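Participant: coords please:
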Amino acid sequence: MKKFFAEFKEFAVKGNMLDLAVGMIIGAAFNAIVKSLVDDIIMPAVGVLIGGKDFTALSFQFKDATIAYGNLIQNLVNFLITAFCLFLVVKGINTMKRRREAQMSKPEPEPEKKSDDIVLLEQIKDTLVEIQKSNNKQ
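Facilitator: Residues are numbered from 1 along each chain as shown. Here you go, the predicted model:
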């Protein structure tokens, strides 16, 4: 039983689980904002444009049942706005990932090949340094 609770604790406190919980909370708050945007701004404006209709009141009677399709239209607009915003977020994240991967995968520039003159001068310098060291020891 102790092992079971230890395993559950590891699962519940795992980084991915916490990220998911934070994402769910932010998503719920974002959904409230989008719902308010659709219900309070977009749909009333669309209603005015099509003749002053209230979408939530759109319905028709089918025998004894009332089919309230206005709510469906409102929820579809809500969904489309939410999906579009999430698309923009994912697109932005993917763009950043591609840029980062491109930067990470760039090969190190090869050092410039030294000209023969430079190589010769370095050899002369090294020889002079060795001669000076040997003279200082004597």
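Participant: any idea of the mean pLDDT in the longest helix along the chain?
Facilitator: Longest helix in the chain by number of residues (criterion: DSSP state H): helix 69-105. Confidence over helix 69-105 (mean pLDDT, whole number) is 86.
Participant: just checking, next helix/strand downstream of that helix?
Facilitator: helix 116-137 (DSSP states H and E).
Participant: packing partners of that following helix?
Facilitator: Packing partners of helix 116-137 (3 or more C-beta pairs under 8 Å, 6 or more residues apart in numbering; DSSP states H and E): none among the helices and strands. Every C-beta, even on glycine, is put in place using the N, C-alpha and C of the backbone.
Participant: and the average pLDDT for that helix is what?
Facilitator: The average pLDDT within helix 116-137 is 87.
Participant: got a list of contacts for stretch 76-90?
Facilitator: 30-31, 34-35, 37-38, 42-43 (C-beta atoms under 8 Å, 6 or more residues apart in numbering).
Participant: name the member of those residues with the most neighbours.
Facilitator: V38 (22 neighbours; other C-beta atoms under 10 Å).
Participant: hmm, T56 and that one touching each other?
Facilitator: No - judged on C-beta atoms under 8 Å, V38 makes no contact with T56 at a distance of 11.0 Å.
Participant: find residues that contact each of those two.
Facilitator: Q74.
Participant: most centrally placed residue in the protein?
Facilitator: In the chain, the residue lying closest to the centroid (C-alpha atoms, centre = their mean) is I93, at 2.9 Å.
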